[in-house]
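> sequence-free structure coming up:
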Ligand SMILES: Cc1ncc(C[n+]2csc(CCOP(=O)(O)OP(=O)(O)O)c2C)c(N)n1
(Lines give C-alpha, C1' and ligand atoms only; values in the text may rest on other atoms or scores of the structure.)
Protein backbone atom coordinates (compact mmCIF):
# COMPACT_ATOMS: atom_id res chain seq x y z
CA UNK A 1 0.00 0.00 0.00
CA UNK A 2 1.21 3.51 -0.78
CA UNK A 3 2.14 5.70 2.17
CA UNK A 4 -0.40 8.40 3.01
CA UNK A 5 0.68 12.03 3.01
CA UNK A 6 1.41 13.12 6.55
CA UNK A 7 -1.01 15.63 8.05
CA UNK A 8 1.91 18.01 8.65
CA UNK A 9 3.03 17.78 5.00
CA UNK A 10 -0.52 18.37 3.79
CA UNK A 11 -0.98 21.49 5.94
CA UNK A 12 2.48 22.78 4.97
CA UNK A 13 1.55 22.42 1.28
CA UNK A 14 -1.69 24.35 1.82
CA UNK A 15 0.25 26.99 3.76
CA UNK A 16 2.65 27.34 0.83
CA UNK A 17 -0.39 27.66 -1.45
CA UNK A 18 -1.44 30.58 0.73
CA UNK A 19 -4.29 29.18 2.82
CA UNK A 20 -4.63 31.29 5.98
CA UNK A 21 -7.88 30.06 7.45
CA UNK A 22 -10.01 26.96 7.27
CA UNK A 23 -13.70 26.29 7.95
CA UNK A 24 -15.49 22.97 7.78
CA UNK A 25 -17.39 20.05 9.25
CA UNK A 26 -15.13 17.17 10.26
CA UNK A 27 -14.58 13.83 8.60
CA UNK A 28 -12.50 11.12 10.29
CA UNK A 29 -10.35 10.95 7.15
CA UNK A 30 -9.31 14.60 7.61
CA UNK A 31 -8.74 14.29 11.37
CA UNK A 32 -4.98 14.98 11.02
CA UNK A 33 -5.11 18.34 9.20
CA UNK A 34 -8.23 19.32 11.20
CA UNK A 35 -6.39 18.98 14.52
CA UNK A 36 -3.36 20.88 13.22
CA UNK A 37 -5.53 23.81 12.08
CA UNK A 38 -7.44 23.68 15.36
CA UNK A 39 -4.25 23.77 17.43
CA UNK A 40 -2.97 26.81 15.55
CA UNK A 41 -6.26 28.69 15.96
CA UNK A 42 -6.94 28.83 12.23
CA UNK A 43 -10.05 26.65 12.19
CA UNK A 44 -13.69 27.68 12.36
CA UNK A 45 -15.93 24.66 12.96
CA UNK A 46 -19.06 25.44 10.92
CA UNK A 47 -22.54 24.16 11.71
CA UNK A 48 -22.94 22.81 8.18
CA UNK A 49 -20.91 22.44 5.02
CA UNK A 50 -22.95 25.19 3.35
CA UNK A 51 -22.07 27.66 6.09
CA UNK A 52 -18.43 26.57 5.95
CA UNK A 53 -18.40 27.54 2.28
CA UNK A 54 -20.05 30.88 2.99
CA UNK A 55 -17.73 31.69 5.93
CA UNK A 56 -14.74 30.97 3.69
CA UNK A 57 -16.32 33.10 0.94
CA UNK A 58 -16.37 35.94 3.49
CA UNK A 59 -12.65 35.48 4.12
CA UNK A 60 -11.97 35.46 0.41
CA UNK A 61 -14.02 38.65 -0.04
CA UNK A 62 -11.88 40.18 2.73
CA UNK A 63 -8.75 39.23 0.79
CA UNK A 64 -7.71 36.21 2.89
CA UNK A 65 -7.08 32.96 1.08
CA UNK A 66 -9.16 30.18 2.61
CA UNK A 67 -9.96 26.49 2.38
CA UNK A 68 -12.90 24.34 3.42
CA UNK A 69 -12.59 20.84 4.89
CA UNK A 70 -15.64 18.57 4.45
CA UNK A 71 -16.81 15.05 3.66
CA UNK A 72 -18.83 14.33 0.52
CA UNK A 73 -21.90 13.42 2.62
CA UNK A 74 -22.07 17.17 3.13
CA UNK A 75 -21.81 17.94 -0.60
CA UNK A 76 -25.59 18.36 -0.73
CA UNK A 77 -25.37 20.97 2.03
CA UNK A 78 -22.88 23.07 0.10
CA UNK A 79 -24.25 22.89 -3.44
CA UNK A 80 -26.48 25.92 -2.90
CA UNK A 81 -23.73 28.39 -1.88
CA UNK A 82 -21.42 26.77 -4.44
CA UNK A 83 -23.79 27.40 -7.35
CA UNK A 84 -25.41 30.63 -6.21
CA UNK A 85 -22.54 32.34 -4.37
CA UNK A 86 -19.09 31.16 -5.47
CA UNK A 87 -19.90 30.68 -9.16
CA UNK A 88 -21.90 33.83 -9.99
CA UNK A 89 -19.71 36.11 -7.88
CA UNK A 90 -16.44 34.61 -9.13
CA UNK A 91 -15.16 33.71 -5.65
CA UNK A 92 -12.26 31.26 -5.77
CA UNK A 93 -11.97 28.79 -2.93
CA UNK A 94 -10.19 25.52 -2.25
CA UNK A 95 -12.60 22.83 -1.04
CA UNK A 96 -10.91 19.72 0.37
CA UNK A 97 -13.59 17.03 0.30
CA UNK A 98 -13.16 13.41 1.35
CA UNK A 99 -14.72 10.69 -0.76
CA UNK A 100 -16.88 8.22 1.16
CA UNK A 101 -18.47 5.46 -0.92
CA UNK A 102 -15.72 5.74 -3.53
CA UNK A 103 -14.27 4.09 -5.61
CA UNK A 104 -16.41 1.07 -4.74
CA UNK A 105 -19.66 1.95 -2.93
CA UNK A 106 -20.02 -1.68 -1.81
CA UNK A 107 -16.95 -1.25 0.40
CA UNK A 108 -18.49 1.55 2.43
CA UNK A 109 -21.70 1.95 4.42
CA UNK A 110 -24.99 2.03 2.48
CA UNK A 111 -25.71 5.70 3.20
CA UNK A 112 -22.57 6.68 1.26
CA UNK A 113 -23.30 4.68 -1.90
CA UNK A 114 -25.21 7.21 -4.03
CA UNK A 115 -22.95 10.13 -3.12
CA UNK A 116 -19.84 7.99 -3.61
CA UNK A 117 -20.78 7.32 -7.23
CA UNK A 118 -22.34 10.72 -7.79
CA UNK A 119 -19.75 13.19 -6.46
CA UNK A 120 -17.50 13.42 -9.52
CA UNK A 121 -20.36 13.40 -12.09
CA UNK A 122 -22.17 16.12 -10.12
CA UNK A 123 -19.09 18.35 -10.03
CA UNK A 124 -18.71 17.76 -13.75
CA UNK A 125 -22.37 18.56 -14.34
CA UNK A 126 -21.94 21.85 -12.46
CA UNK A 127 -18.77 22.68 -14.38
CA UNK A 128 -16.74 22.86 -11.16
CA UNK A 129 -13.05 22.02 -11.44
CA UNK A 130 -11.75 19.18 -9.35
CA UNK A 131 -9.17 16.44 -9.09
CA UNK A 132 -8.75 13.28 -7.04
CA UNK A 133 -5.67 13.36 -4.79
CA UNK A 134 -3.33 10.59 -5.91
CA UNK A 135 -0.24 9.32 -4.04
CA UNK A 136 2.55 11.83 -4.69
CA UNK A 137 0.11 14.10 -6.52
CA UNK A 138 -0.48 16.93 -4.03
CA UNK A 139 1.78 19.46 -5.78
CA UNK A 140 0.12 18.80 -9.16
CA UNK A 141 -3.32 19.04 -7.58
CA UNK A 142 -2.48 22.40 -6.02
CA UNK A 143 -1.18 23.61 -9.39
CA UNK A 144 -4.62 22.86 -10.84
CA UNK A 145 -6.19 24.69 -7.89
CA UNK A 146 -3.93 27.68 -8.59
CA UNK A 147 -5.00 27.73 -12.26
CA UNK A 148 -8.66 27.70 -11.20
CA UNK A 149 -7.94 30.50 -8.71
CA UNK A 150 -6.25 32.58 -11.42
CA UNK A 151 -9.64 32.51 -13.19
CA UNK A 152 -11.54 33.16 -9.93
CA UNK A 153 -12.97 29.66 -9.94
CA UNK A 154 -13.48 27.35 -6.96
CA UNK A 155 -11.58 24.07 -6.93
CA UNK A 156 -12.41 20.73 -5.29
CA UNK A 157 -9.55 18.56 -4.08
CA UNK A 158 -11.14 15.12 -3.60
CA UNK A 159 -9.45 13.00 -0.94
CA UNK A 160 -9.84 9.20 -0.98
CA UNK A 161 -9.95 7.25 2.26
CA UNK A 162 -6.49 6.85 3.82
CA UNK A 163 -4.80 9.42 1.57
CA UNK A 164 -3.91 11.73 4.48
CA UNK A 165 -2.52 10.39 7.77
CA UNK A 166 -3.49 11.46 11.26
CA UNK A 167 -1.34 14.10 12.98
CA UNK A 168 1.98 12.88 14.42
CA UNK A 169 0.92 14.21 17.81
CA UNK A 170 -2.57 12.85 18.42
CA UNK A 171 -5.22 14.92 20.19
CA UNK A 172 -5.36 14.12 23.93
CA UNK A 173 -7.88 11.45 24.94
CA UNK A 174 -10.88 12.79 26.85
CA UNK A 175 -10.64 12.14 30.58
CA UNK A 176 -12.56 9.15 31.96
CA UNK A 177 -16.07 9.85 33.21
CA UNK A 178 -16.62 10.06 36.97
CA UNK A 179 -19.21 7.79 38.58
CA UNK A 180 -21.89 10.51 38.67
CA UNK A 181 -21.14 11.93 35.23
CA UNK A 182 -23.34 11.14 32.27
CA UNK A 183 -21.99 9.33 29.23
CA UNK A 184 -23.54 8.22 25.93
CA UNK A 185 -23.91 4.59 27.08
CA UNK A 186 -25.50 5.62 30.40
CA UNK A 187 -27.99 7.96 28.72
CA UNK A 188 -28.93 5.68 25.84
CA UNK A 189 -29.42 2.71 28.15
CA UNK A 190 -31.70 4.81 30.40
CA UNK A 191 -33.72 6.06 27.41
CA UNK A 192 -34.29 2.54 26.11
CA UNK A 193 -35.28 1.40 29.61
CA UNK A 194 -37.99 4.01 29.86
CA UNK A 195 -39.48 3.67 26.37
CA UNK A 196 -42.73 1.78 25.91
CA UNK A 197 -42.85 -0.76 23.08
CA UNK A 198 -45.25 1.42 21.10
CA UNK A 199 -42.99 4.51 21.25
CA UNK A 200 -41.14 5.40 18.09
CA UNK A 201 -37.47 6.31 18.37
CA UNK A 202 -35.35 8.04 15.72
CA UNK A 203 -31.61 7.92 16.34
CA UNK A 204 -29.10 10.25 14.73
CA UNK A 205 -26.12 9.37 12.55
CA UNK A 206 -22.93 8.10 14.16
CA UNK A 207 -22.24 6.55 17.55
CA UNK A 208 -25.68 7.28 18.99
CA UNK A 209 -27.40 4.99 16.48
CA UNK A 210 -24.78 2.33 17.15
CA UNK A 211 -25.29 2.66 20.90
CA UNK A 212 -29.09 2.42 20.62
CA UNK A 213 -28.74 -0.71 18.50
CA UNK A 214 -26.29 -2.18 20.99
CA UNK A 215 -28.45 -1.44 24.05
CA UNK A 216 -31.68 -2.78 22.61
CA UNK A 217 -32.53 -3.45 18.99
CA UNK A 218 -36.27 -2.83 18.45
CA UNK A 219 -38.47 -2.53 15.33
CA UNK A 220 -39.73 0.87 16.50
CA UNK A 221 -36.25 2.40 16.27
CA UNK A 222 -35.30 4.11 13.04
CA UNK A 223 -31.51 4.04 12.84
CA UNK A 224 -30.90 7.09 10.66
CA UNK A 225 -27.32 6.46 9.58
CA UNK A 226 -26.98 9.30 7.09
CA UNK A 227 -28.87 12.60 6.64
CA UNK A 228 -27.01 14.24 9.50
CA UNK A 229 -29.09 16.83 11.34
CA UNK A 230 -32.45 15.61 10.09
CA UNK A 231 -33.49 13.23 12.88
CA UNK A 232 -35.65 15.96 14.47
CA UNK A 233 -37.42 16.60 11.17
CA UNK A 234 -38.19 12.90 10.72
CA UNK A 235 -39.51 12.88 14.28
CA UNK A 236 -41.70 15.89 13.51
CA UNK A 237 -43.11 14.14 10.45
CA UNK A 238 -43.93 11.06 12.51
CA UNK A 239 -45.41 13.08 15.37
CA UNK A 240 -47.69 15.10 13.11
CA UNK A 241 -48.73 12.00 11.14
CA UNK A 242 -50.01 10.42 14.37
CA UNK A 243 -50.31 12.92 17.23
CA UNK A 244 -51.41 10.18 19.66
CA UNK A 245 -48.10 8.32 19.51
CA UNK A 246 -45.04 9.32 21.52
CA UNK A 247 -42.08 9.99 19.24
CA UNK A 248 -38.60 10.30 20.73
CA UNK A 249 -35.61 11.65 18.81
CA UNK A 250 -32.07 10.93 19.98
CA UNK A 251 -29.82 13.62 18.53
CA UNK A 252 -26.19 14.72 18.82
CA UNK A 253 -25.17 18.31 19.57
CA UNK A 254 -23.34 18.60 16.24
CA UNK A 255 -26.30 17.19 14.33
CA UNK A 256 -28.84 19.37 16.19
CA UNK A 257 -26.82 22.51 15.47
CA UNK A 258 -26.33 21.55 11.82
CA UNK A 259 -30.02 22.12 11.07
CA UNK A 260 -31.00 24.25 14.03
CA UNK A 261 -33.86 25.80 12.06
CA UNK A 262 -35.79 22.54 12.39
CA UNK A 263 -36.09 23.33 16.10
CA UNK A 264 -38.14 26.40 15.19
CA UNK A 265 -40.36 24.30 12.91
CA UNK A 266 -40.88 21.87 15.79
CA UNK A 267 -41.65 24.70 18.22
CA UNK A 268 -44.16 26.23 15.81
CA UNK A 269 -45.80 22.85 15.13
CA UNK A 270 -46.40 22.36 18.87
CA UNK A 271 -46.56 18.56 18.63
CA UNK A 272 -47.43 17.54 22.21
CA UNK A 273 -45.93 14.03 22.10
CA UNK A 274 -42.60 14.80 20.45
CA UNK A 275 -39.57 14.47 22.73
CA UNK A 276 -36.32 15.74 21.22
CA UNK A 277 -33.33 14.50 23.19
CA UNK A 278 -29.83 15.85 22.57
CA UNK A 279 -26.77 14.05 23.90
CA UNK A 280 -24.32 16.94 24.22
CA UNK A 281 -20.74 15.72 24.45
CA UNK A 282 -19.32 19.00 23.12
CA UNK A 283 -17.81 17.28 20.12
CA UNK A 284 -18.31 15.34 16.90
CA UNK A 285 -17.45 12.12 18.66
CA UNK A 286 -18.15 9.84 15.70
CA UNK A 287 -15.46 11.50 13.58
CA UNK A 288 -12.76 11.87 16.25
CA UNK A 289 -14.29 14.19 18.87
CA UNK A 290 -13.48 17.49 17.17
CA UNK A 291 -15.09 20.34 19.17
CA UNK A 292 -18.55 21.57 18.21
CA UNK A 293 -19.74 25.00 19.32
CA UNK A 294 -22.23 23.57 21.86
CA UNK A 295 -20.10 24.79 24.78
CA UNK A 296 -21.38 28.29 23.98
CA UNK A 297 -25.02 27.22 23.71
CA UNK A 298 -27.48 27.98 26.52
CA UNK A 299 -29.80 25.02 25.92
CA UNK A 300 -32.52 26.17 28.31
CA UNK A 301 -32.73 29.56 26.61
CA UNK A 302 -32.47 27.99 23.16
CA UNK A 303 -35.29 25.49 23.77
CA UNK A 304 -37.59 28.23 25.07
CA UNK A 305 -36.58 30.57 22.26
CA UNK A 306 -37.32 28.00 19.58
CA UNK A 307 -40.77 27.31 21.03
CA UNK A 308 -40.29 23.91 22.69
CA UNK A 309 -42.93 23.84 25.44
CA UNK A 310 -40.49 22.39 28.00
CA UNK A 311 -36.70 22.21 28.14
CA UNK A 312 -34.98 19.94 30.66
CA UNK A 313 -31.20 19.74 31.06
CA UNK A 314 -29.72 16.75 32.89
CA UNK A 315 -26.08 16.39 33.89
CA UNK A 316 -25.76 13.72 36.58
CA UNK A 317 -26.31 10.01 36.96
CA UNK A 318 -28.18 10.64 40.22
CA UNK A 319 -30.83 12.75 38.48
CA UNK A 320 -30.88 10.88 35.15
CA UNK A 321 -33.90 8.61 35.64
CA UNK A 322 -36.05 11.36 37.16
CA UNK A 323 -35.13 14.04 34.60
CA UNK A 324 -35.69 11.60 31.77
CA UNK A 325 -39.14 10.75 33.13
CA UNK A 326 -39.93 14.49 33.14
CA UNK A 327 -38.74 14.79 29.55
CA UNK A 328 -40.85 11.85 28.44
CA UNK A 329 -44.05 12.92 30.19
CA UNK A 330 -44.11 16.73 29.93
CA UNK A 331 -46.43 18.25 27.35
CA UNK A 332 -44.34 18.71 24.25
CA UNK A 333 -42.62 19.40 22.12
CA UNK A 334 -39.93 18.80 24.72
CA UNK A 335 -36.23 19.51 24.36
CA UNK A 336 -34.22 17.25 26.69
CA UNK A 337 -30.46 17.79 26.87
CA UNK A 338 -27.91 15.52 28.53
CA UNK A 339 -24.50 16.97 29.23
CA UNK A 340 -22.19 13.98 28.83
CA UNK A 341 -18.47 13.21 28.94
CA UNK A 342 -17.28 11.74 25.60
CA UNK A 343 -16.46 8.01 25.64
CA UNK A 344 -14.77 7.44 22.26
CA UNK A 345 -13.44 4.09 23.48
CA UNK A 346 -16.93 2.60 23.59
CA UNK A 347 -17.94 1.99 19.98
CA UNK A 348 -20.34 -0.68 18.75
CA UNK A 349 -21.17 -2.04 15.29
CA UNK A 350 -23.58 -0.13 13.07
CA UNK A 351 -27.19 -1.27 12.90
CA UNK A 352 -26.75 -1.89 9.17
CA UNK A 353 -23.96 -4.37 9.88
CA UNK A 354 -26.74 -6.81 10.87
CA UNK A 355 -29.96 -5.30 9.47
CA UNK A 356 -30.01 -3.60 6.06
CA UNK A 357 -31.62 -0.18 5.58
CA UNK A 358 -34.61 -1.69 3.75
CA UNK A 359 -35.31 -4.02 6.67
CA UNK A 360 -34.87 -1.18 9.17
CA UNK A 361 -37.44 0.88 7.23
CA UNK A 362 -39.88 -2.05 6.79
CA UNK A 363 -39.76 -3.01 10.47
CA UNK A 364 -40.22 0.61 11.47
CA UNK A 365 -43.24 1.07 9.16
CA UNK A 366 -44.81 -1.94 10.85
CA UNK A 367 -44.16 -0.46 14.31
CA UNK A 368 -45.54 2.94 13.27
CA UNK A 369 -48.74 1.28 12.05
CA UNK A 370 -49.28 -0.63 15.32
CA UNK A 371 -51.90 0.32 17.95
CA UNK A 372 -51.31 3.18 20.40
CA UNK A 373 -52.53 3.21 23.97
CA UNK A 374 -52.70 6.96 24.46
CA UNK A 375 -51.66 7.93 27.98
CA UNK A 376 -52.49 11.05 29.91
CA UNK A 377 -49.82 13.75 29.79
CA UNK A 378 -48.74 15.85 32.69
CA UNK A 379 -48.60 19.52 31.84
C1 LIG B 1 -23.84 16.21 6.20
C2 LIG B 1 -22.78 15.42 6.90
N3 LIG B 1 -21.64 16.02 7.28
C4 LIG B 1 -20.67 15.32 7.92
C5 LIG B 1 -20.85 14.00 8.20
C6 LIG B 1 -19.77 13.19 8.91
N7 LIG B 1 -20.20 12.87 10.27
C8 LIG B 1 -20.76 11.67 10.60
S9 LIG B 1 -21.15 11.55 12.20
C10 LIG B 1 -20.55 13.09 12.51
C11 LIG B 1 -20.51 13.66 13.89
C12 LIG B 1 -21.86 13.84 14.53
O13 LIG B 1 -21.68 14.62 15.68
P14 LIG B 1 -22.79 14.75 16.78
O15 LIG B 1 -24.11 14.96 16.16
O16 LIG B 1 -22.36 15.74 17.78
O17 LIG B 1 -22.86 13.29 17.42
P18 LIG B 1 -21.66 12.44 18.11
O19 LIG B 1 -20.86 11.88 17.00
O20 LIG B 1 -20.90 13.36 18.99
O21 LIG B 1 -22.42 11.38 18.87
C22 LIG B 1 -20.08 13.70 11.33
C23 LIG B 1 -19.49 15.06 11.27
C24 LIG B 1 -22.06 13.41 7.79
N25 LIG B 1 -22.35 12.13 8.00
N26 LIG B 1 -22.99 14.13 7.14
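That came in fine, so what should we check first? Remember, it's a predicted structure, so these values are computed and weren't measured experimentally.
> Report how many residues lie close to the residue of the stretch 251-379 of the chain found nearest the ligand.
Using C-beta to the nearest ligand atom, the point where the stretch 251-379 of the chain gets nearest to the ligand is residue 252, with a distance of 2.2 Å. For glycine as for every other residue, the C-beta is placed from the backbone atoms N, C-alpha and C. Counted with other C-beta atoms under 10 Å, the neighbours of residue 252 add up to 29.
> Just grab the bridge partners of it for me.
On DSSP bridges, the residues paired with residue 252 through beta bridges are residue 279.
> Is it correct that it is in contact with residue 203?
No. Residue 252 is beyond contact range of residue 203, at 9.6 Å (criterion: C-beta atoms under 8 Å).
> list the contacts for the residue of the stretch 251-379 of the chain closest to the ligand?
Residue 252 is in contact with 204-206, 208, 278-279, 281, 284-286, counting by C-beta atoms under 8 Å, 6 or more residues apart in numbering.
> cool, and residue 288?
Taking C-beta under 8 Å, 6+ apart as the contact definition, residue 288 lies against 26, 28, 31, 34-35, 171, 344.
> pLDDT at it, what is it?
With respect to pLDDT, residue 288 scores 94.
> Ramachandran angles for residue 32?
The main-chain torsion angles of residue 32 are listed as degrees, to the nearest 10 and equal phi -60, psi -60.
> now it, nearest residue through space, not along the chain?
Using C-beta to C-beta, 6 or more residues apart in numbering and skipping residues adjacent in sequence, the residue nearest residue 32 is residue 7, 2.7 Å away.
> For the contacts of residue 252, give me JSON lines that also has distance to the ligand and secondary structure.
Supplementary listing: the contacts of residue 252 in JSON lines, determined by distance: C-beta to the nearest ligand atom, whole Å; DSSP: H, G, I helix; E, B strand; the rest coil:
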{"residue": "204", "distance to the ligand": "6", "secondary structure": "coil"}
{"residue": "205", "distance to the ligand": "5", "secondary structure": "coil"}
{"residue": "206", "distance to the ligand": "3", "secondary structure": "coil"}
{"residue": "208", "distance to the ligand": "5", "secondary structure": "helix"}
{"residue": "278", "distance to the ligand": "9", "secondary structure": "strand"}
{"residue": "279", "distance to the ligand": "6", "secondary structure": "strand"}
{"residue": "281", "distance to the ligand": "5", "secondary structure": "coil"}
{"residue": "284", "distance to the ligand": "4", "secondary structure": "strand"}
{"residue": "285", "distance to the ligand": "3", "secondary structure": "helix"}
{"residue": "286", "distance to the ligand": "3", "secondary structure": "helix"}
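> any idea how far residue 103 is from the residue of the stretch 251-379 of the chain closest to the ligand?
Using C-beta to C-beta, to the nearest Å, residue 252 is found at 29 Å from residue 103.
> if we can go back for a sec, tell me which of the contacts of residue 288 is nearest to residue 248?
Distance to residue 248 across the contacts of residue 288 (C-beta to C-beta) is lowest for residue 344, with 24.5 Å.
> The closest one touches residue 289, doesn't it?
Yes. Under the criterion of C-beta under 8 Å, residue 344 is in contact with residue 289, at a separation of 5.5 Å.
> Looking at these two, which has the bigger crowd around it?
It is residue 289, of residue 344 and residue 289, that has more neighbours when counted by other C-beta under 10 Å, with 20 against 15.
> I'd like to know how many residues surround the closest residue in space to the more buried one that isn't next to it in sequence.
Taking C-beta to C-beta, 6+ apart, and ignoring the residues beside it in sequence, residue 289 has residue 283 as its nearest neighbour in space, at 4.2 Å. Neighbour count for residue 283, taken as other C-beta under 10 Å: 22.
> cool, residue 42 as well?
17.
> From residue 292, how far off is it?
Where residue 292 is concerned, residue 42 sits at a distance of 18 Å (C-beta to C-beta).
> and if you look at residue 3?
As judged by C-beta to C-beta, residue 3 and residue 292 stand 32 Å apart.
> now do residue 131
For residue 131, the distance to residue 292 - C-beta to C-beta - is 31 Å.
> repeat for residue 226
Between residue 226 and residue 292 the computed distance is 19 Å (C-beta to C-beta).
> between these two, who's got more neighbours?
For residue 226 versus residue 292, the count of surrounding residues by other C-beta under 10 Å is larger for residue 292: 25 against 16.
> The more buried one: what's it in contact with?
Contact criterion C-beta under 8 Å, 6+ apart gives 45, 253-254, 257, 282-284 as the residues in contact with residue 292.
> Now with 10 Å, please.
25-26, 45, 47, 252-258, 280-285 (C-beta atoms under 10 Å, 6 or more residues apart in numbering).
> Now it: closest residue in space, sequence neighbours ignored.
residue 254 (4.5 Å).
> On the three-state scheme, the one you found is what?
Under DSSP: H, G, I helix; E, B strand; the rest coil, the three-state class of residue 254 is helix.
> Shouldn't residue 159 be within a strand?
Yes. In this structure, residue 159 lies within a strand as judged by three-state DSSP.
> That one and residue 258, how far apart?
Relative to residue 258, residue 159 is positioned 21 Å away (criterion: C-beta to C-beta).
> go on, residue 87?
Taking C-beta to C-beta as the measure, residue 87 and residue 258 are separated by 24 Å.
> Would you mind telling me which of these two has the busier surroundings?
Set side by side, residue 87 and residue 258 give different neighbour counts by other C-beta under 10 Å, the larger being at residue 258 (26 against 16).
> so that one touches residue 70, yeah?
No. Here residue 258 does not reach residue 70: they are 12.0 Å apart, not a contact under C-beta atoms under 10 Å.
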